[in-house]
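Participant: any chance you could fold what I've pasted below:
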Amino acid sequence: MNTSPENAAAGQPHRFDPAGGCPHADNARLLARGAVTPVVLPGDVQGMAVLGHDALKEFLAHPDVAKNAQHFAALQAGEIADGWPLKTFATVQGMTTADGADHRRLRSLMGKAFTARRVAELQPRITDLTTQLLDGLDKAAAAGDGVADLRRHFALPLPMGVICELLGVDAEYHDRLHHLSNQIVATDIGPEEAMAANKEMVEVLGAVAAARAASPGDDLTTALIAAREENGDKLSPHELLGTLMLTIIAGHETTLNLITNAVRALCTHREQLALAKSGEVTWADVVEETLRWDSPVSYFPFRYPTRDLTLDGTVIPQGTPVLAGYSAAGRDKQAHGPDADRFDITRDQTTTRHLSLGHGAHFCMGAPLARMEATIALEQLFSRFPGLDLAVPEPELPRHASFVGNSVQQLPVRLRDARP
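Facilitator: Presented below is the predicted three-dimensional model:
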């Protein structure tokens, strides 16, 4: 993100930098102005962002806030171009863009396939896959003079492998699906690239769905195809593809960022890492503090007020596209205390829970899976490589080209302490 202090002080709308970057300095400036702020999205689209913790919690569960793009005034007026980089977030058909009874129907169908039992049964497989990937990370480091990209060799293939196995997606599609997911969440992408990425994503997922329809298996895609409500409702073809797209993107991009951000945080806060390795603090606590302190998602699109809505003293006009500012809310000092900027895995989060996995009817259905994956990944990683550290200074790590996802593009690490 990129806002000059002068503009912030003058109260000018915050203009998001499509190239992304670290959000925290801008978040602090914006929070000093208030919990709700006007923003300018790519393409000079006017919007708002809710970034204070209490305001965001109220907004996420507000009965007069919708997710369906029929409430997006500028889109309905024909003012949003087809290649707008954020359009997929508004128009994809699935749980994240549905309201009321439609949302409950889709969530119910998904819930029948994505059960707590199915998630719990994944634990041994996640543990085995983690071990295999750590073997591969060790080999990559041996071939790279002791240094390997942890994001590429470990943080990415773990959640991608798990979600694709859950969905019944063959391994041949994994790399392509990650590339397309990356383009869909990018905010610096051009119109032609954006439309091409969406078109190819639909084609790939269409092939996956066709394969599962022709040869059903014990997987989520087969279950989604077969799932029906008591009155006979089932996912339409567009809803099926939209649900698969959202599940793949949310099921690996966020957990990928969570693991990456946790390793970055621990490597730059060695005293905190020592507490976790000693068992004084649980790895689950590390995951929760990472979710708060460096949320995997910075600003998530979109919600729309169905009437003019006053939030924390600021009016959000009806039909405005609103971003949920998770990374800002996680460091809101009014909610998390004067030391909210400090990474502290001993922090008591029972009084003020972070919102990084959502709140209200749209709370992340995959939250238990993400937490399980990250906890297992971190515990095994630092158990096997207790001397693991960053191979380059943290400020030099290249950031995501997006103000939606919040992480770095690579995470080169040295697996063993090279100090004498």
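
Participant: buried sites along stretch 383-391?
Facilitator: In terms of neighbour count (16 or more other CB atoms under 10 Å), stretch 383-391 has its buried residues at 385, 388-391. For the C-beta atoms, the positions are set from N, CA and C on the backbone; glycine is no exception.

Participant: same question, stretch 30-45
Facilitator: Buried residues in stretch 30-45, counting neighbours by 16+ other CB under 10 Å, are found at 30-31, 35-39, 41-43, 45.

Participant: so what touches that stretch?
Facilitator: The contact list for stretch 30-45, computed with CB atoms under 8 Å, 6 or more residues apart in numbering, reads 3, 8, 11, 13-16, 18, 46-52, 54-56, 74, 79-81, 84-86, 187-188, 311-314, 316, 321, 323, 325, 328, 331-333.

Participant: for the residue nearest to residue 264 when sequence neighbours are not counted, phi and psi?
Facilitator: Spatial nearest neighbour of residue 264, chain neighbours left out: residue 394 (6.1 Å); criterion: CB to CB, 6 or more residues apart in numbering. Main-chain dihedrals, residue 394, degrees, to the nearest 10: phi -50, psi -40.

Participant: how close does residue 394 sit to residue 56?
Facilitator: Remark: distance between residue 394 and residue 56 (CB to CB, to the nearest Å) = 27 Å.

Participant: was I right to think residue 67 contacts residue 103?
Facilitator: Yes. Using CB atoms under 8 Å, residue 67 is in contact with residue 103, at 7.3 Å.

Participant: overlap in contacts, these two.
Facilitator: Joint contacts of residue 67 and residue 103 (CB under 8 Å, 6+ apart) are residue 362.

Participant: now the helix or strand where residue 265 lies: buried residues?
Facilitator: Using DSSP states H and E, the element containing residue 265 is helix 237-267. Going by neighbour count (16+ other CB under 10 Å), the buried part of helix 237-267 is 239-267.

Participant: try stretch 210-229
Facilitator: Applying 16+ other CB under 10 Å to stretch 210-229 flags 211-212, 219-225, 227 as buried.

Participant: same check on stretch 73-91?
Facilitator: For stretch 73-91, by 16+ other CB under 10 Å, it's 74-75, 80, 83-91.

Participant: can you give me the strands in the stretch 251-400 of the chain?
Facilitator: 299-305, 309-311, 314-316, 322-325, 389-390 (DSSP state E, counting those that start in this stretch).

Participant: which of those is buried the deepest?
Facilitator: strand 322-325 (a mean of 26; mean count of other CB atoms under 10 Å).

Participant: now it: mean pLDDT?
Facilitator: Here strand 322-325 scores 98 as its mean pLDDT.

Participant: neighbouring strands of it in the sheet, and parallel or not?
Facilitator: strand 45-50 (parallel), strand 299-305 (antiparallel) (DSSP bridges).

Participant: and that strand, how far out from the chain middle?
Facilitator: Taking CA atoms, centre = their mean, to the nearest Å, one finds strand 322-325 lying 13 Å from the centre of the chain it belongs to.

Participant: and the pLDDT at residue 12?
Facilitator: Residue 12 is assigned a predicted lDDT (pLDDT) of 86.

Participant: please identify the helix or strand for it.
Facilitator: Judged by DSSP H and E, residue 12 forms part of no helix or strand.

Participant: that one - how many residues pack around it?
Facilitator: 13 (other CB atoms under 10 Å).

Participant: can you pull the contacts of it?
Facilitator: Residue 12 neighbours (CB under 8 Å, 6+ apart): none.

Participant: find the nearest non-adjacent residue to residue 412, please.
Facilitator: Distance criterion CB to CB, 6+ apart; nearest residue to residue 412, sequence neighbours excluded, is residue 391 at 4.1 Å.

Participant: and for residue 140?
Facilitator: Nearest-residue entry for residue 140: residue 148, 3.9 Å, with adjacent residues in sequence omitted and distances by CB to CB, 6+ apart.

Participant: ok, residue 233 touching residue 105?
Facilitator: Yes. Using CB under 8 Å, residue 233 is in contact with residue 105, at 5.9 Å.

Participant: more neighbours: which of the two?
Facilitator: For residue 233 versus residue 105, neighbours defined as other CB under 10 Å are more numerous around residue 105 (18 against 13).
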